[in-house]
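Novice: test case, fold it:
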Amino acid sequence: MRFNSYLHGVCLVQTVMALAVLLKAPPAEACSPPPSPSFYYTFAESRPGDGATEVSLDGALLLTPRAWAITSQPTHTPAAFRDLLTVTVTDGETGEVVPGKLRPWWGASSGVAWLPDNPLLPNRRYELVGSLQQSIARPTEAQGPTELHETFSTGTQVSPPLELLGGLDVSLESFEKDKRDCDGSCDCRKVGTETGTRAKVRVPEVRGGDALGTYHFEIWITDRTPYQFNKPDQHLEHDVLHGVWGVNSSGEPAETLIPMPEHDDSYTPCFAWRVVDPAGHILEGTPLCLKETVDPPGLLGCAVAGGAARTRNTAFLALLGTLSLMWMVRRR
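Specialist: Here you go, the predicted model:
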């Protein structure tokens, strides 16, 4: 009996040590992504455009770029269009500079929007100067200007409020996807296929705002309860927190397919969503929680192989083997 008790203790210590090593082992050394080409930017388009009239007093000026890759100058820190852009708007009558700020725009086409800090004056002419300050030499194939000189005139109204003509429509469906083994490295190889779950999402028609022909929907997916915009630390309230998924729209209904986030346990998904226009106006839609559940892709949530998943499997098998050995000894 003493030998058995001693062996029990040894097995238990070995189990704890194995789990400590396997479960708490540091992840594989993170690899650096390969360098990307440097980019030279030119202006592709401006909205509402040179000579525009009846511009909303709280409207945005949208500048979109065209990027020219320079593969001969690879870098890990490529410059962004916004970092190189300066925009100056002046009152056409007084010559005074209008205070404003730049914000990124992720709709179609993506770019940077200039927004006035305060509403513009009605029935006023303004001048816009946009400039790109770049240290990279212009490649010979680059087309388009790096400076804009435009004028526009305001009307008498601010932008109408955003209006959603319907709600979010979501249905879940199964699909076949690649199963990949990353093995703790940067390169993931395909090891087969597996069945996943994705959401077919349809956003409604939207009107109003300072659209400039484009709107952008933002969608967040959580478990049990909807995501709450502008509330911090929501990762403490959810096991599943996935965002942000963007859907671009010209104002008409638009559809997209979203691969559902995977989790070790089944969960009931909720979809929080809102629409944004280039001027930063935001309107939240009514959240949608489905009755269907999203199931894990495989046993123990390990359908997609990976270093962490394999470590958990190994630890589980080590524990199972040790417990089996202890049971056999105990029977003796």
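Novice: list the contacts of Leu168.
Specialist: Val201, Arg202, Val203, Pro204, Ile219, Phe271, Trp273, Gly285, Thr286, Leu288 (Cβ atoms under 8 Å, 6 or more residues apart in numbering). (C-beta placed from N, C-alpha, C; glycine too.)
Novice: how about the nearest residue to the most centrally placed residue in the chain, chain neighbours excluded?
Specialist: In the chain, the residue lying closest to the centroid (Cα atoms, centre = their mean) is Val244, at 4.2 Å. In space, and not counting its chain neighbours, Val244 is closest to Glu218: 4.7 Å by Cβ to Cβ, 6 or more residues apart in numbering.
Novice: neighbours of the one you found, how many?
Specialist: 18 (other Cβ atoms under 10 Å).
Novice: same check on Tyr126?
Specialist: If we define neighbours as other Cβ under 10 Å, then Tyr126 has 20 of them.
Novice: report pLDDT for it.
Specialist: Turning to Tyr126, the model gives it a pLDDT of 98.
Novice: doesn't it fall inside a strand?
Specialist: Yes: the assignment for Tyr126 by DSSP: H, G, I helix; E, B strand; the rest coil puts it in a strand.
Novice: relative to Pro116, how far out is it?
Specialist: 9 Å (Cβ to Cβ, to the nearest Å).
Novice: spit out the residues that contact these two alike.
Specialist: Looking at what touches both Tyr126 and Pro116 (by Cβ under 8 Å, 6+ apart), the common residues are Val89, Val98.
Novice: which residues of this structure fall in helices?
Specialist: Per DSSP state H, the chain carries helices over the ranges 2-24, 81-84, 307-331.
Novice: surely the residue nearest to Val244 and Val276 touch.
Specialist: Yes: counting by Cβ atoms under 8 Å, Val276 is a contact partner of Glu218 at 6.6 Å.
Novice: just checking, Cys289 touches Tyr227?
Specialist: No: counting by Cβ under 8 Å, Cys289 does not reach Tyr227; the two are 10.9 Å apart.
Novice: who has more neighbours, those two?
Specialist: For Cys289 versus Tyr227, the count of surrounding residues by other Cβ under 10 Å is larger for Tyr227: 21 against 15.
Novice: list the residues that contact that one.
Specialist: The contact partners of Tyr227, by Cβ under 8 Å, 6+ apart, come to Trp220, Ile221, Gln234, His238, Leu241, Gly243, Cys270, Ala272, Pro287.
Novice: so which of these belong to strands?
Specialist: Trp220, Ile221, Leu241, Gly243, Cys270, Ala272 (DSSP state E).
Novice: how much space between the spatially closest residue to Asn248 that is not a sequence neighbour and Ser159?
Specialist: Using Cβ to Cβ, 6+ apart and skipping the chain neighbours, the partner closest in space to Asn248 is Ala108 (4.2 Å). Distance of Ala108 to Ser159, computed by Cβ to Cβ: 19 Å.
Novice: with neighbour numbers in mind, choose between the two.
Specialist: A direct count of neighbours by other Cβ under 10 Å for Ala108 and Ser159 places Ser159 higher, at 18 against 15.
Novice: what's stretch 204-211 in contact with?
Specialist: Taking Cβ under 8 Å, 6+ apart as the rule, stretch 204-211 contacts 56, 58-60, 159-169, 215, 249, 251-253, 275, 277-279, 281, 283, 285.
Novice: ok, now stretch 46-53?
Specialist: Outside stretch 46-53, the residues touching it (Cβ under 8 Å, 6+ apart) are 55, 59, 61-64, 128, 130, 148, 150-153, 155, 212-213, 278.
Novice: what's the PyMOL syntax to select whichever of those are buried?
Specialist: The buried residues among these can be selected in PyMOL (16 or more other Cβ atoms under 10 Å) with this line:
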select buried, resi 55+59+61+62+63+64+128+130+148+150+152+153+212+278
